[in-house]
Every structure is written in C-alpha cells, then in structure tokens.
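Trainee: Got a predicted structure plus its sequence, pasted below:
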Amino acid sequence: MASKTRQFNERGKEKDVRTSNITATKAVTDAVRTSLGPRGMDKMIVSGTGEVVITNDGATILNKMEVLHPAAKMLVELSKSQDIEAGDGTTSVVVLAGSLLAHAQKLLHKGIHPTIVSETFLRCAVKACQILESSAIPVSITDRDQLLKSAVTSLNSKVVSQYSNLLAPLAVDAVLKVIGNNKEVDNVDLRNIRVVSKLGSTIEDTELVDGIIFNQKIVGNANGPNRMENAKIALIQFQLSPPKTSMDSSTTVSNFAAMDRILREEKSYILKQCKQIKATGCNVLLIQKSILRDAVTDLALHYLSQLHILVVRDIERDEVEFISKTLGLSPISSIESFTAAKLGTAALVSQTSTPDGPILKITGLKAPAQNAAQTVSILIRGSNKLVLDEADRSLHDAFCVIRSLIKKKYMIGGGGSAEMQVSVGLGEWAKSGEIGGGEKEWCVRGYAEALEVIPATLAENGGMNSVEVLTELRRSHAAGEKRAGVNVRKGGVAKDMSEEGVVQPLLVSTSAIMLATETVAMLLKIDDIVITK
C-alpha cells in the first residue's frame, strides 16, 4: 500500500555531497564553539612564519585558520559578514549555523526535501526577528549607562575581560565623541577613531586622547625644538630635497667650480623653500613619506631647526585624511600653494618617551563646526604584543557594539535569553498551525531546537550541566520570563539578564540569525560539487 505522504529519497551522490558539506562545517563549528561566552577558552594560533596570536574572537580565529573545504569556507565568509554588519557575535553566528545544519540533516533523514527545509528555515528566521523586536528594550544614545552595559558584556568574553570596566568607558566615550552633538545620527564611521598601540606599562594605563597620537617621532636635531605651544601645523606632500630630472639621465661635473656651484644652487633652493614655509607662520611641519626620493634632506632639516620649526616625517598616505580632519588643515602638494589658510592649529605638540619608542601627541585642538565629523585617539598600553593585539581587537568589538545600538536603537538580554525566547516562540508558532503543519511543522521545531545551542554552549563552557540549565530555561520562558538566561558568573539561570547587566544590541542577534539561516539554506540546496580547470 502506497504511503500517503511523499518522501524525498536522496540519490547517493547528493547525499554524499550534503554529508560532506555538513561534516566540514561541523569541524569548523567545533573549532570555535569552545570559545563562546565569558568562560570560553582561548585559541593559540601559530602561523607558518612562527607568528603567534592568542584570541577567542571567532572572526580572528576563522580568518587565521587554513580552511580548504568550500563549504567550510562559507562559514569563514559568514563570520566576516557578521563582523562587517554588527561587529560582534562572530562566534555565535558560526555556532548557530553549525547547529542549524545538524538539525537540517536530521530532517533530511526523515525524508523531507531540502527545498522545504531551506524555505521553512528562512520563514523561521523572519519570525525569529519579529519575536525579538517585540520584546526589545528601546535605548537612547544619551543613556551612557545602557551603552556601558552593552560594551562591558561584549568585553567580558574577551581575553582582556578583567579590564572590561576600564576599556568599556573608553569605547563609549570615544564613539560619543565622534557623534558629537548630532544625536539623530543612525551610523558611526569608526575610521574617525584612531587606535595606537605601544609596548610598556599595563592595559590600566590605556587612555583616551582628545587630539591625535603619532607613532612617528620628532626628527631630532641638535638645536631643533621638541615641543611647541600655540602650534600652526602644515602637512606637506612634496619633497624638501633637490629636484630630479623627469627622465633617467646623468650629469658629468668636470671641475670643482661647477661642483661648488651645484651645491650652492641646492642650498639656495632648499633655503628658499624653508623661508617660504616660515613666512606663513608655520612652526610644526608634517611630511608625507615619499617613494620617489628623500622627502626631506639633512640640509633641509638643518635650516628648519634654525627657523625653529618642529618636523615630523614619514607620515603614511592612509593617515592623511584622518590628520586633515582632526587638525582642520589642508594637505599641501606644492610649495607654490603653501599658504597660511591651509594650516591647522593646536595648543600643544609634545613628545613623551616609552620603552617601545617615543609617542607624539597633538592636543588642544580647535572645536569642529557643528554637526561636523569629530575624531578621537586611543593609546593602548600593554606588557607584550599579544596582549596589545587582543586589546585592540576587543576595543574594536566594543566600538561595533555601540555602533549597532546607534544603527538600531534597541537592546535585548544576553546570556542566551534571546535565543531561548525565540525557540519557545517558534514552538508556539508551530503549534498554532499558521505554518501549514506536516513537514513544515517538523522543520520549525528543528529550527527552534537548533537555537538552543547558544545557551547550551554557554552552560557547557561555564562548567555547568547543560541539560539542567536548558530544562530550567525552558520552564522559566514557558512561565513568561522572557529575559531569563544563563548567568555564567553565578553559575545558574538568572530570571532577568538585563537586571544582571548582561545585554546586547538587537542588531547583533537579528543579524546573526538571518545570516546563519541564509548560509544554511544555501548549503542545503547544493547537491553537487563541480571542480573546474
């Protein structure tokens, strides 16, 4: 007797390809799963050249990992997409995608067609975002405490978590400084925040500088200045050195008189340039690095020191825009266009020494025009390069969390409470019959169960019994406690994660759910791998 329900029978090759894809993605997921949460483990990544990186940031781990399987590469790209969109949740999105694929495999074994599974999963993702938005907490940009809670939650899962109460206020203040008085803004350009790392001291000495910091040092000269008050600053993109011919050629000097005349002409040429610079009132000169010839000669440095002009050379090309924006100056491309109108001003230019070399600070800048983009600099200190690099990555994640709150001004509870709320909500949605029953209901239930991987992983990494924690969480959410989640620090289930100070931006969770689901839906529809020449 024929069965009333149509059953999908996979061909051998299709089954092998899907199994291969799911196995590969599971290997990637397992590699980062233990890094999730405040008690997550760190990874030591060693490159072929011997470079060592210690981190638990999902995007960094996957980016450094050598992945060969094409399906596994999709998870690496997924993590990058989450990093671009939200900046945080890069580990969660990969763990979630791996769990969705594992549950999709069970549905395929039940004979449900991959197209039905993928389409239902996409509908579940849309419904999940609606469930989260319905219970999200509105946030105001002016509410510094709420922004701090989100930044601290992000930093608590990093290697530098013990300094989260120090780094979080720096991150919040930096982003708010960049926004300025424009509270209606819906995005933040993080390129307006300059982060400089210097070895020495500890992370506790990390500071926010209302100005600009340079890795370059003041060019030393016996009589030259190394500190300048009431600075008038110019940034030049031309060379203070003798000109060269436009084509390769050689000049033969046959006698000492001709050689002496050439040297006099060079001196006269450079001195004229230096005097023209001084005539504009400039007393601090920033010189862009040149690849054609010497950006500044020793003779030019001598004349500039005699004219009491402080010189900083080897400014990188990609720093020019930030410097111009910060100091309110215009880059000068030729000596003919060197005018006082193109200079920037600052109260003080000074240099301090560190074990890793000098730090140049320009402070006391003129206030920018209203609603104009503002900039800020952060100086990170640390005892070794590994700590410095991880502090830099952690601060970037904190910036991104605050940016997510500015892009979508809502937050939700952390600690797996959001995923558990969606899981319970989707279970009720499946029972309602709105999805259509039958195979689709099985798919919704599978999707709901897959979301429980986040609280389960948090519990496992925190040394708790994940079965007991999930059972307690299900009971709490069924009783209407929508913000109940895993409190890793206290070792149990908290009734309201927002009261515990564990919150995260709505955008981080909705982005992770949508991106993970889209990737899984794409992988499920692959039935063959074709190798080209």
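Mentor: Sure, I can see it. These figures come from a predicted structure and were not determined experimentally.
Trainee: Can you give me every residue that contacts the residue nearest to the spatial centre of the chain?
Mentor: Centroid-nearest residue in the chain: His396, 4.3 Å away (criterion: Cα atoms, centre = their mean). Residues in contact with His396 (Cβ atoms under 8 Å, 6 or more residues apart in numbering) are Gly87, Leu190, Val195. Quick note: C-beta positions are derived from backbone N, CA and C, even for glycine.
Trainee: Next: Ser498.
Mentor: Taking Cβ under 8 Å, 6+ apart as the contact definition, Ser498 lies against Ile137, Met411, Gly413, Arg483.
Trainee: repeat for Ile323
Mentor: Ile212, Leu235, Leu286, Ile315, Leu329.
Trainee: Doesn't the last one belong to a helix?
Mentor: To tie it back to what came earlier, the one meant is Leu329. No - counting by DSSP: H, G, I helix; E, B strand; the rest coil, Leu329 is not part of a helix but coil.
Trainee: where's Val488 relative to Pro225, distance?
Mentor: 54 Å (Cβ to Cβ, to the nearest Å).
Trainee: ditto for Leu199
Mentor: According to Cβ to Cβ, Leu199 stands 27 Å off from Pro225.
Trainee: May I have the secondary structure class of the residue nearest to Cys129 when sequence neighbours are not counted?
Mentor: Distances taken as Cβ to Cβ, 6 or more residues apart in numbering place Thr510 nearest to Cys129, at 4.7 Å, with adjacent residues excluded. Using three-state DSSP, the structure places Thr510 in helix.
Trainee: Can you name the residues that contact Thr510?
Mentor: Per Cβ under 8 Å, 6+ apart, neighbours of Thr510: Ala128, Cys129, Leu132, Glu133, Lys408.
Trainee: Which members of those residues are positioned in helices?
Mentor: Residues of these located in helices (DSSP state H): Ala128, Cys129, Leu132, Glu133.
Trainee: is it fair to say Ile526 lies in a helix?
Mentor: No - under three-state DSSP, Ile526 sits outside any helix and is assigned coil.
Trainee: residues contacting it?
Mentor: Counting by Cβ under 8 Å, 6+ apart, Ile526 has contacts Val17, Arg18, Asn21, Ala71.
Trainee: can you check Lys198 too?
Mentor: Contact analysis of Lys198 by Cβ under 8 Å, 6+ apart lists Thr354, Asp356, Gly357, Ile359, Leu379, Ile380, Arg381, Leu388.
Trainee: By neighbour count, which of the residues you listed wins?
Mentor: Ile380 (23 neighbours; other Cβ atoms under 10 Å).
Trainee: shouldn't it be in contact with Ser394?
Mentor: No - the criterion here is Cβ atoms under 8 Å, and Ile380 misses it with Ser394 at 9.8 Å.
Trainee: re the thing from before, which of the contacts of His396 ranks first by neighbour count?
Mentor: Neighbour-wise, the contacts of His396 (other Cβ under 10 Å) top out at Gly87, 24 neighbours.
Trainee: How about the contacts made by the nearest residue to that residue once chain neighbours are set aside?
Mentor: Distance criterion Cβ to Cβ, 6+ apart; nearest residue to Gly87, sequence neighbours excluded, is Cys400 at 1.9 Å. For Cys400, the contacting residues are Asp83, Ala86, Gly87, Asp88, Leu190, by Cβ under 8 Å, 6+ apart.
Trainee: confidence score at the third one?
Mentor: So that's Gly87. Listed pLDDT for Gly87 reads 82.
Trainee: Could I get the phi/psi values of it?
Mentor: Phi and psi for Gly87, reported as degrees, to the nearest 10, are phi 90, psi -20.
Trainee: repeat for the fourth one
Mentor: Note on Asp88: its backbone torsions stand at phi -140, psi 170 [degrees, to the nearest 10].
Trainee: Check the last one too.
Mentor: Backbone torsions of Leu190, given as degrees, to the nearest 10, read phi -70, psi -10.
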